[in-house]
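1. Any chance you could fold what I've pasted below:
(one chain, ligands or ions: 1)
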Amino acid sequence: VNPDINRLFVPVVTTAHAGRPPITWGEADPMRRGPVVATTTNWAHRNVIGAHSQYSLLGGWSRATGLLDEHFVPDLSMTEPMIKIGPHPQWSVPGKIVTFDPFGADIRGSFGAYLDAGYDIRPTIAIHRGKIRLLELSAAVHGGRLKPDGVVLMESGDCNVTKIPIDSVWDLEGIARRLGVDEAQMRRCMYEQSGGMYEQLVSKPELKIFLPPVPNCTILIFGDPAKLTDPSVKLTARLHDQCVSSDVLGSEKCSCRSYLMFAIEQCVLTAQEGGVGLIVYCYLEGRGLGEVLKTLVYNLRDRDGDDPMKYEDYTRQVAGMFDARFQMFKSDPLHWLGVRRIPYLISASREKLSGITGGGIEIGHQVPIPNDRVTPGANTEVMAKEMLHGYAPRGQPN
Ligand SMILES: [Zn+2]
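-> Sure thing, here's the model as predicted:
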């Protein structure tokens, strides 16, 4: 079959084309796939449940108080991606990417005809090149573990990165399939668990795409992003789950920031050797249970003697479960980047490893945090994970 034949059926979009564009998730050609239209300015064009940004309800406050015009349509000129990612073959393998829109970054390049016809299509991915500065990287330079090279790492301690925040766009059919559950049953449970907030989950089964008020991830790439698709290139990666108390505020009750900073240091070293470093920062605070719940568990742990053998029970008592991270979706951002193999994964977690390999991505070595990087306060957490959850033991100091 001549693949060009398919192109004959690409819809021609005109201003007369006033309806809702169909979405066929997993199609390779973005025009055949169809744009995600979640606009609130023209409801006849909407082809999804939900709205852009987890802050859409604050948008409601902004409308109510007159801060935001109800007819506002963004001017996206000069906001285009600073580098091009994909399209990669993984974008159109059915079921490979179900938690965000692989075509969500380059809206003009993918859906220009719809934009020209007046459709309000908004990016759900932004791609930026910039710098980050972290105390730990400066300390590693002063300690002689890292050397500025003027390319990846500057004398000032600034580090060049590609930064890619991604909003959630859920393909409900694909998500149900990956969870191994019935889609209609899943939609009903989501409707009920959100207190009836998204009635269309049950009343409009034909709407398969949902923009939930749940953040997705931010990707940081150290070195040349184009090399991510080459399985022979050294790639050091960490898929890190958000922890505000440690990552941002430096709490020593867990090993999160230590792990993140160790991983970033290894990413810089790998990029300096001609490889690529990759951090996927996943917004799954408190194992996907949230910060309030996590902190309630901290209270319980502190008052009950913080027994590592009861680490899991403490959370179950308060949350009814231990972990809501659903690691089987961790491979989505990797597929989007075209990654097929991770020679060095900075993690001790068995669940994370099997989530990634279950998605079809090969892992070379799993590299746990060196023992001397675990702060004393994090011992209960790290011990519990090693004893009860099959985590790889801490590595020797390096
Ligand atoms: Zn933590």
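2. This structure: strands as residue ranges?
-> 49-50, 128-132, 159-166, 170-171, 209-211, 217-222, 235-241, 276-282, 341-346, 362-367 (DSSP state E).
3. just these: most buried one?
-> Of the strands of the chain, the one with the most neighbours on average (mean count of other C-beta atoms under 10 Å) is strand 235-241, at a mean of 26. Yep, even glycine has a C-beta here, placed from its N, CA and C like the rest.
4. Report the rounded mean pLDDT for that strand.
-> Averaged across strand 235-241, the pLDDT comes to 98.
5. Name the strands paired with that strand and say parallel or antiparallel.
-> strand 276-282 (parallel), strand 341-346 (parallel) (DSSP bridges).
6. between the ones you listed, which one is nearest to the ion?
-> Closest to the ion of the strands paired with strand 235-241, according to C-beta to the ion: strand 276-282, at 12.7 Å.
7. Show me the contact partners of that closest one.
-> Strand 276-282 has contacts (C-beta atoms under 8 Å, 6 or more residues apart in numbering) with 216-225, 227-228, 233-242, 260, 263-264, 266-271, 325, 330, 333-334, 337, 339.
8. can you give me the helices in the stretch 51-200 of the chain?
-> Taking DSSP state H, counting those that start in this stretch, the helices of the stretch 51-200 of the chain run over residues 56-64, 107-116, 135-142, 172-179, 183-193, 200-203.
9. So what touches the longest one?
-> The one in question is helix 183-193. Residues outside helix 183-193 that contact it (C-beta under 8 Å, 6+ apart): 172-173, 175-177, 179, 197-199, 201-202, 205.
10. any idea of the mean pLDDT in that helix?
-> In this model, helix 183-193 carries a mean pLDDT of 98.
11. Could I get the buried residue list for it?
-> For helix 183-193, the neighbour count (16 or more other C-beta atoms under 10 Å) marks 183, 186-187, 190-191 as buried.
12. Save those as CSV, and put in distance to the ion too.
-> Formatted as CSV, the buried residues of helix 183-193 follow (distance: C-beta to the ion, whole Å):
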residue, distance to the ion
E183, 33
M186, 29
R187, 32
M190, 27
Y191, 31
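13. wait, which of those is closest to P102?
-> Proximity of these to P102 was ranked by C-beta to C-beta; the top entry is E183 with 20.6 Å.
14. any idea how far that closest one is from H88?
-> As for E183, its distance to H88 is 26 Å (criterion: C-beta to C-beta, to the nearest Å).
15. now do V151
-> For V151, the distance to H88 equals 25 Å [C-beta to C-beta].
16. These two: which is more packed in?
-> H88 (19 against 10; other C-beta atoms under 10 Å).
17. S331 and G360 touch, don't they?
-> Yes - contact criterion C-beta atoms under 8 Å: S331 and G360 qualify, at 6.9 Å.
18. which neighbours do those two share?
-> Both S331 and G360 are contacted by K96, under the criterion C-beta under 8 Å, 6+ apart.
19. Looking at the two, which one has more neighbours?
-> S331 (23 against 13).
20. For that one, give me its contacts.
-> S331 neighbours (C-beta under 8 Å, 6+ apart): 96, 355-356, 358-361.
21. ok, of those residues, which come out buried?
-> 96, 355-356, 359, 361.
22. ok, back up a step: any chance of the helices of the stretch 51-200 of the chain in a markdown table, plus distance to P376?
-> Output for those, formatted as a markdown table (distance: least, C-beta to C-beta, whole Å):
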| stretch | distance to P376 |
| --- | --- |
| helix 56-64 | 40 |
| helix 107-116 | 49 |
| helix 135-142 | 18 |
| helix 172-179 | 38 |
| helix 183-193 | 38 |
| helix 200-203 | 46 |
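23. before we move on, back to that, I'd like the strands paired with strand 235-241 as JSON lines, with mean pLDDT appended.
-> Below are the strands paired with strand 235-241 laid out as JSON lines (pLDDT from 0 to 100):
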{"stretch": "strand 276-282", "mean pLDDT": "98"}
{"stretch": "strand 341-346", "mean pLDDT": "98"}
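24. At the contact with the ion, which residues of the stretch 151-300 of the chain appear?
-> Residues of the stretch 151-300 of the chain lying near the ion by C-beta under 5 Å from the ion: 243, 246, 254, 256.
25. I figured the second one hits H240, correct?
-> In this case it means S246. No - S246 lies out of contact with H240 (C-beta under 8 Å); the separation is 10.6 Å.
26. what do those two both touch?
-> By C-beta under 8 Å, 6+ apart, S246 and H240 have these common neighbours: C256.
27. quick one, which of the strands of the chain is nearest to A140?
-> strand 159-166 (10.5 Å).
28. List of residues touching that closest one?
-> For strand 159-166, contacts defined as C-beta under 8 Å, 6+ apart pick out 82-83, 85, 100, 104-105, 124-134, 137, 151-154, 216-222, 225, 264, 268, 333.
29. Please apply the same query to stretch 346-360.
-> 96, 236-239, 259, 262-263, 266, 323, 325, 327-332, 334-335, 342, 345, 363, 366-369, 385-386, 389-394.
30. any idea of the pLDDT on whichever residue of the stretch 1-150 of the chain sits closest to the ion?
-> The nearest approach of the stretch 1-150 of the chain to the ion comes at E136, 15.6 Å away (C-beta to the ion). On pLDDT, E136 comes in at 93.
31. thought it was touching Q266?
-> No - E136 is beyond contact range of Q266, at 11.8 Å (criterion: C-beta under 8 Å).
32. tell me, which helix in the protein spans the most residues?
-> Counting residues, the longest helix found in the chain (DSSP state H) is helix 256-272.
33. Quick one: neighbours of the closest residue to the ion within the stretch 101-250 of the chain, just the number.
-> Of all residues in the stretch 101-250 of the chain, C243 sits closest to the ion, at 3.1 Å by C-beta to the ion. When neighbours are defined as other C-beta under 10 Å, C243 has 23 of them.
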